[in-house]
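Q: Mind folding the following:
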Amino acid sequence: MEEDKLESIFKMQKNLEKMMKLDRYPKDVEGKISALCTAIIHEAVELQRVTNWKWWKTPVTFDEAAAREELIDIWHFVVQASLELNMTPGDILKEYQKKNRVNQERQKNGY
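A: Residues are numbered from 1 along each chain as shown. Model (predicted):
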């Protein structure tokens, strides 16, 4: 049977983490999450940079390949944050479903 795709991503991230030099990585969970948030923010800025958000600048052709690469950088940090919070792919699905229901209710009620 084929491995679940999200399980595969988690396994790859765990293997990558084993290869990394982590002497400067925070030791406590809160510090790790804070550091990962900083990384996610910076990667999101890098993703934004491939868009034509500067209305005063002559637009260039959108580089979808570069955008995908930056988005995957964000995914790496999101998956690592999930691992730091001891979340499994099943936990993510459960939390996503819960929040999705809240968001749907908000939309129905004019949020």
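Q: residues touching Ile9, list them.
A: Contacts for Ile9 (Cβ atoms under 8 Å, 6 or more residues apart in numbering) come out as 75, 79. (Glycine included, C-beta is placed from N, CA and C.)
Q: and if you look at the one 5 residues further on?
A: Taking Cβ under 8 Å, 6+ apart as the definition of contact, the neighbours of Lys14 are Leu83.
Q: Mind checking the pLDDT average for the host helix or strand of it?
A: Here Lys14, judged by DSSP states H and E, is contained in helix 5-19. Helix 5-19 comes out with an average pLDDT of 96.
Q: now do stretch 30-42
A: The average pLDDT within stretch 30-42 is 98.
Q: Pull out the buried positions in it.
A: For stretch 30-42, the buried set under the neighbour-count rule, 16 or more other Cβ atoms under 10 Å, comprises 32, 35-36, 39-40.
Q: Check stretch 37-57 too.
A: Neighbour-count burial for stretch 37-57 flags 39-40, 43, 46-47, 50 (criterion: 16+ other Cβ under 10 Å).
Q: Go ahead and name everything in contact with it.
A: 59-60, 62-63, 66-67, 70-71, 73-74, 77-78, 81.
Q: ranges for the helices of this protein?
A: Along the chain, the segments classed as helices by DSSP state H run 5-19, 29-49, 64-84, 89-108.
Q: tell me the angle the second one makes with helix 64-84.
A: For the pair helix 29-49 and helix 64-84, the angle between their directions (axes from the mean of the first three to the mean of the last three Cα atoms, to 10 degrees) equals 170 degrees.
Q: what sits up against stretch 74-86?
A: Here stretch 74-86 makes contact (Cβ under 8 Å, 6+ apart) with 9-10, 13-14, 16-17, 29, 32-33, 36-37, 39-40, 43-44, 47, 91-92.
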